[in-house]
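Novice: predicted model and sequence follow; I will ask about them next.
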There are 2 protein chains.
Amino acid sequence: MSKIFIGFDVGGTNIKIGCFNFDIKLISKTSIVTNADMGARTVVENMGQAAEKLLANAGFSLKDISAAGLGTPGPAKYRNGIIIRAANMPKFKNVPIRQMLSERLGDKAVVFANDANAACWGEYVLGAGKGIEDMVFFTLGTGIGGAIINKGRLLEGAGDNATELGHLIIYPDGRKCNCGQTGCVEAYASANATARRAAEAVAVGEKSSLKKVLDKNSEITCKDVYEHLMKGDKLAKRITDETAKALAILCINMLHTTEPSRIVFAGGMIAAGMILLDRIKDYFNELVWNLKKEKVEICFATLGEDAGIIGSAAMAMEIS
Amino acid sequence: MSKIFIGFDVGGTNIKIGCFNFDIKLISKTSIVTNADMGARTVVENMGQAAEKLLANAGFSLKDISAAGLGTPGPAKYRNGIIIRAANMPKFKNVPIRQMLSERLGDKAVVFANDANAACWGEYVLGAGKGIEDMVFFTLGTGIGGAIINKGRLLEGAGDNATELGHLIIYPDGRKCNCGQTGCVEAYASANATARRAAEAVAVGEKSSLKKVLDKNSEITCKDVYEHLMKGDKLAKRITDETAKALAILCINMLHTTEPSRIVFAGGMIAAGMILLDRIKDYFNELVWNLKKEKVEICFATLGEDAGIIGSAAMAMEIS
C-alpha cells in the first residue's frame, strides 16, 4: 500500500521537497537549486531525482508515493496543470508541469496549486490557522503573496488566480509596482519596498544611522531597517510605521471582504518580530470602523519555510 | 401542497414584498412603509398583513407558502436570525426577526440574509449574473453595498458580515466615512458622496452649471450631477471621473481578491447609464496590472428594484 506524500515548493531560486507520512508528519526534506534557466524538462528531472534520493534515504521509493503536491508562483492555469509564465522563471512558458511531474514520479497523482495557497493550506492544517474556518494569509518577502480560506475552502477565482493580495491598490497614484499598477500595497510594505523606501529617504538626506549601512554596502535591506529600529533610529521607525500602516489597511480591507477570524502573516519579514506585529495591530485598531467591535486575530505564521511543502503534501492527501 | 415563495426586502424607508411561484416567476408584489420607529413587533405584523393581502389578491393564503426569504441591512447575526443593530432603524436592537416573521407567517421556514447578498443572489439566479459562477456585486445608493459569489456560493464570513465592500479603504487619510473610517470607497463614490463632492466644489467657487441647482434647491443630488454631465458641465465631468476612478480601483481590488468573471453594479446610481459605466471600464483598463490580460466583464444589473425580493425568494426555494 502507498503510504507517502511528497510536497514540492518551487521558487525562483530554490525548490524545497518534503516527504511526509499519512499524518502529514515530516519524514525528511531537502532543497535543490531551481536552475530555471535550464528549462522545464531539466528542472522536473532534477525534482524527480531529488525526490528519489530523499525517499531512498528514508527507506522508500517512488512506488511508495500515494500522491504529490506541487506549489508554484502564479499566474498559472492551476486546474489545467499549466504554468503560463513565471516572473522569476522566464523559460517557463505554457509548461504542462503537473503532467510532467506526474510522469517523472511514475504516473502518480499530482495536486497543483499557487505557492501562497499551498503555504496557507499548510498553516491552516498544522500551523497558525488550526481550529478556524476563515483565514487570510499573507507572505511578506520580495513581494507580498496572499491566500484566503473561507469556510474551510481556498478561494481560487474564475481563472485560478484569485488572492493576488499584494496587488490591492491602497494608494492610488502612489508608488509604481512591478506589476504595472501604481499604489499596490506590495510597492509599500513588502520586504523589498520597505528597504527601498529607507534607502530613498537616506539618499535624499534624511538623518539616520542607516546612512552608514548604505555607504558601506551600497544598499539597505529590510533586515537592516528592523535592526536599526531596535537601536532607536527614527527613520527606521517611520519606515516601519508606514509598512505597518499599509499592512493594517490591507487587513481592514480583507475584514470587509471575506471577514476572516484570523489573519496570518508569514515570510522573511516576520523575523522583525513583535515590534512589527504590534504596530500592525495598533494601526488596525486605530483605522478600523466603529460600527461594531471586530474580533479578528492578527498573528504570525508558525511553520516557517516548511509551510509550502506541508501544505502541498496535505493537499495531496486530500485527493488520495 | 405548498407552492408559493415570499421574498421580503427590508430597507430603512420601505419594505418590498414579492410573491413567487416555483420557477421564481413574480406573481405579484407590493411595498409598504417600514415605520421602523414603531418597533420590530409592529413592523413584522405589518409585513404579515401585507403578505396576506398580497397572497389573497392572487388567490392564495399563508398556508400556500412553502418558505420565505428575508433580506435586511447588516450588521446582523444572520445564521442566528438576529438583527444586532441597523443604522437606519435605531429601535431594532437584538431583534430575533427570523423567528418573529416565521411565527407571523404560520411557522413557515424563513431564510435570513444581508440585503445586498439577497439582491446579488437575485441577479445571479435570474439577472446579470446568469451563467457564471464567480461574481462581485455592488449597490450604488446612499452608501455602497456589496456581495461576492465564489464558485456559486455567497461569501458570508466568520461572523456573517463579510463583503461590506463600500468600506474598503482606498484613500488612506482621505474623506471621513459614516462608519468611522477614513478613505472608504463609499465616502467617494456612493450617490450621496458623489453629490456631496459636487456641492463642496460649487460652494468653494468652482465654475459649474450646478451652481444654479445649489442656489435654488440648497442641495445637489447625484441625479443633478449626471444631468449636468450630459449637458457638458466640466465640474460634473470631473466629479463623475473621480467616482468612476474610485469604483474602478474597487473593481481591481476585487479582481485581485476573489477574481470574478463578472462585476455587476446595481442601485439608483446606475441610472446614469453608459456614460458612467464606460468611464469605470476606461479607468479599470488604464489602472489594472499588465502581468496578464484580464477578461472580467463589468456591467450593470438587470433586475432593478426587484433583485432583493427575487433573491430572497430564490434563497427560500433553496431550503425547501
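Specialist: Good, I have the coordinates.
Novice: mean confidence for stretch A:93-110?
Specialist: For stretch A:93-110, the mean per-residue pLDDT is 96.
Novice: how about it: buried residues?
Specialist: A:95, A:97, A:98, A:99, A:100, A:101, A:102, A:104, A:105, A:108, A:110 (16 or more other CB atoms under 10 Å in any protein chain shown). For glycine as for every other residue, the C-beta is placed from the backbone atoms N, C-alpha and C.
Novice: end-to-end on it?
Specialist: 20 Å (CA to CA, to the nearest Å).
Novice: how about the residues of the stretch 51-200 of chain A by chain B?
Specialist: Within the stretch 51-200 of chain A, the positions near chain B by CB under 8 Å from any CB of the partner chain are A:75, A:84-85, A:87, A:132-134, A:148, A:150-151, A:155-165, A:167-172, A:177, A:179-182.
Novice: buried only: go through the residues you listed for me.
Specialist: A:75, A:84-85, A:132, A:134, A:148, A:150, A:155-165, A:167-172, A:177, A:179, A:181.
Novice: low-confidence ranges in chain A?
Specialist: Along chain A, the parts satisfying pLDDT under 70 run over A:1-2, A:87.
Novice: what ranges does it have for its helices?
Specialist: A:40-57, A:97-104, A:115-126, A:186-189, A:191-203, A:210-217, A:222-230, A:234-255, A:274-287, A:307-319 (DSSP state H).
Novice: would you reformat those as TSV and include distance to residue B:203?
Specialist: Shown next, in TSV, are the helices of chain A (distance: least, CB to CB, whole Å):
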stretch	distance to residue B:203
helix A:40-57	62
helix A:97-104	60
helix A:115-126	47
helix A:186-189	34
helix A:191-203	37
helix A:210-217	46
helix A:222-230	44
helix A:234-255	30
helix A:274-287	28
helix A:307-319	54
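Novice: residue B:39 is nearest to which of those?
Specialist: helix A:234-255 (31.5 Å; CB to CB).
Novice: that closest one to helix A:191-203, inter-axis angle?
Specialist: 150 degrees (axes from the mean of the first three to the mean of the last three CA atoms, to 10 degrees).
Novice: centre of the chain versus helix A:234-255, how much separation?
Specialist: Counting by CA atoms, centre = their mean, to the nearest Å, helix A:234-255 is centred 18 Å from the centre of its parent chain.
Novice: how about that helix: buried residues?
Specialist: Quick answer for helix A:234-255 (16+ other CB under 10 Å): A:235-240, A:242-255.
Novice: same question, stretch A:210-225
Specialist: Buried-residue list, stretch A:210-225, by 16+ other CB under 10 Å: A:210, A:211, A:213, A:214, A:220, A:221, A:222, A:224, A:225.
Novice: determine which two of these are furthest apart.
Specialist: It's A:211 and A:222 that sit farthest apart of the buried residues of stretch A:210-225, by CB to CB, at 16.7 Å.
Novice: distance check, residue A:191 against residue A:276.
Specialist: 11 Å (CB to CB, to the nearest Å).
Novice: now swap in residue A:320 and tell me
Specialist: For residue A:320 relative to residue A:276 (CB to CB), the value is 39 Å.
Novice: more neighbours: which of these two?
Specialist: Of the pair residue A:320 and residue A:276, residue A:276 is the one with more neighbours under other CB atoms under 10 Å in any protein chain shown, namely 22 against 14.
Novice: could I get the CA-only coordinates of stretch A:135-151 as CSV?
Specialist: Extracted in CSV, the C-alpha atoms of stretch A:135-151 (Å, rounded to 0.1, in the frame of the first residue of the first chain):
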residue,chain,number,x,y,z
MET,A,135,-8.4,32.8,7.4
VAL,A,136,-6.4,35.3,5.4
PHE,A,137,-2.8,34.6,4.8
PHE,A,138,0.0,37.0,3.7
THR,A,139,3.6,36.3,2.8
LEU,A,140,5.9,39.2,3.2
GLY,A,141,9.0,38.7,1.2
THR,A,142,10.4,40.1,-2.1
GLY,A,143,6.7,40.7,-2.9
ILE,A,144,3.5,40.2,-1.0
GLY,A,145,1.6,37.0,-1.7
GLY,A,146,-1.8,36.1,-0.3
ALA,A,147,-4.3,33.4,0.2
ILE,A,148,-7.8,33.2,1.6
ILE,A,149,-9.6,30.3,3.3
ASN,A,150,-13.4,30.8,3.5
LYS,A,151,-15.4,28.2,5.3
